[in-house]
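Novice: Here is a sequence together with a model predicted from it:
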Amino acid sequence: MKRIVHASDFHFSGPYFSENLWKEFCAHVRHLNPDIFLITGDITDEGYPHEYALAKQYLDSLEGEKLVLPGNHDARNVGYEVFEEIFGPRWNIWKSDGICILCGDSSEPDIDDGHIGRENYALMEKTLDCSDFTMFAIHHHLIPIPGTGRERNIPVDAGDVLKIITSTRTNLVLSGHKHVGWSWKLESTVFLVAGTATTTRVKSKTQPSFFCIDIDSVAFDCRVQKVDLFTEDIMDPNGRKPFMKLTKV
Ligand SMILES: [Fe+2]
Ligand SMILES: [Fe+2]
C-alpha cells in the first residue's frame with residue numbers, strides 16, 4: 001500500500017500564506033505518515049529565486065518522497081527556469097509497485113491560463129495507456145469547479161486532454177489552482193482538485209484542505225480522503241470513512 005498526500009497551492013512567502021496553517025498541515029501529515037507528497041503547483045507566489053529557496057526549505061522539512069510540479073504563479077518572472085534548477089524537470093514520470101504517475105506542466109509564462117500542449121500528447125498516451133494504476137498530475141483543473149466564481153484558466157486544450165485521459169482509462173487526475181477541494185468522475189477517471197493547504201485565500205466558507213490517497217497496488221484499489229484542516233474528527237486516519245473508493249477497471 002502506498003499513501004500519497006496530494007496538496008497544492010502553498011504559495012510560500014505570498015501575502016496570504018499563513019505560518020499557522022503550515023503548522024496545522026504539518027501536524028496532520030505527521031499523523032498520516034505518507035510515503036509520497038504530490039504537490040500540484042503554486043509553491044511560490046511570483047516565481048522569484050528567493051521564494052523557491054524558501055519553498056524548498058519548507059518542503060525539505062516534510063519526511064517522505066516529494067513529487068512537485070509547477071503552477072501558474074511558479075511560471076511568473078521566468079520562474080520555470082528556477083523551478084527546474086531546484087525541483088528538476090517540469091514533466092516527469094514516477095513509477096513504483098504497479099503505480100505510475102505522470103507529472104506535467106500546464107503553466108505558461110506570465111499568464112494564468114492553462115495549456116498542456118500538443119507536443120506532450122504522445123508522452124501522455126504512451127505513459128498513461130498501461131496496466132499500472134495510472135495518475136496524471138497537473139496544476140490546472142480540467143473541469144469547472146463549483147463555488148469558485150467566474151470560470152477561467154481551464155487549459156485551452158482541456159477537451160483534447162480529457163479525450164486522452166478517458167481513452168487511456170487513466171485512474172486519477174490530480175490538480176489544484178482553484179483553492180477549493182473538489183472531485184469529479186468522468187467515465188472511469190476520478191478528478192481530484194486539491195484546495196490550498198496553507199493560505200487564507202479560500203472561497204467563502206471553505207477551509208484549507210488536502211487529499212490523502214491510499215493505493216493498494218496488489219488489489220489495485222484506492223481510497224481517497226479529503227482532509228479539511230479544521231474539521232476536528234479527521235485526525236485519526238484509522239477511524240475515518242473513505243471519501244471514495246475506486247477499483248481499477
Ligand atoms: Fe494558487
Ligand atoms: Fe494557480
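Specialist: Right, received. Where do you want to start? Numbering: from 1, shown residues only. Ligands and ions are numbered 1, 2, ... in the order given.
Novice: Output the longest helix belonging to the protein.
Specialist: Ranked by residue count and defined by DSSP state H, the top helix of the chain is helix 19-32.
Novice: Who are the packing partners of that helix?
Specialist: Helix 19-32 sits against strand 2-7, strand 209-216, with contacts defined as 3 or more CB pairs under 8 Å, 6 or more residues apart in numbering; DSSP states H and E. Every C-beta, even on glycine, is put in place using the N, C-alpha and C of the backbone.
Novice: low-confidence ranges in the chain?
Specialist: Within the chain, the stretches with pLDDT under 70 are 232-249.
Novice: hmm, 50 instead?
Specialist: 233-241, 249 (pLDDT under 50).
Novice: need the residues of it near ligand 1, please.
Specialist: 9, 42 (CB under 5 Å from the ion).
Novice: What segments of this protein are strands?
Specialist: Assigned by DSSP state E, the chain shows strands spanning 2-7, 36-40, 65-69, 92-96, 99-103, 133-137, 172-175, 182-186, 189-193, 209-216, 221-228, 244-247.
Novice: In PDB, list the C-alpha atoms belonging to the fourth one.
Specialist: This points to strand 92-96. Output of strand 92-96 as PDB, limited to C-alpha atoms (Å, rounded to 0.1, in the frame of the first residue of the first chain):
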ATOM      1  CA  ASN A  92       8.400  13.700 -15.000                       C
ATOM      2  CA  ILE A  93       7.400  10.100 -14.800                       C
ATOM      3  CA  TRP A  94       7.400   8.300 -11.400                       C
ATOM      4  CA  LYS A  95       6.800   4.500 -11.300                       C
ATOM      5  CA  SER A  96       6.900   2.000  -8.400                       C
END
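Novice: who touches it?
Specialist: 2, 67, 69, 100-103, 127, 132 (CB atoms under 8 Å, 6 or more residues apart in numbering).
Novice: Given it, what are its sheet partners and their directions?
Specialist: Strand 92-96 has its sheet partners listed here by DSSP bridges as strand 99-103 (antiparallel).
Novice: Run through who's touching the partner strand.
Specialist: Contacts for strand 99-103 (CB under 8 Å, 6+ apart): 2, 38, 67-69, 91-95, 123-124, 127-128, 130, 132-138, 215, 217.
Novice: re the thing from before, could you give me the buried positions within the longest helix of the chain?
Specialist: By 16 or more other CB atoms under 10 Å, the buried positions in helix 19-32 come out as 21-22, 24-25, 28-29, 32.
Novice: Other residues contacting it?
Specialist: Residues from elsewhere that reach helix 19-32 (CB under 8 Å, 6+ apart): 3, 5, 7, 10, 37, 58, 61-62, 197-200, 208, 210, 212, 227, 229-230, 234-235, 237.
Novice: partner residues bridging the residue nearest the centre of the chain?
Specialist: Of all residues in the chain, the one closest to the mean position by CA atoms, centre = their mean is residue 40, 3.2 Å from it. On the basis of DSSP bridges, residue 40 is bridged to residue 69.
Novice: Hmm, residue 10 and it touching each other?
Specialist: No - using CB atoms under 8 Å, residue 40 makes no contact with residue 10, being 10.3 Å away.
Novice: tally of neighbours for whichever residue of the chain sits closest to ligand 2?
Specialist: Taking CB to the ion as the measure, the chain has residue 177 as its residue closest to ligand 2, at 3.9 Å. When counting by other CB atoms under 10 Å, one arrives at 28 neighbours for residue 177.
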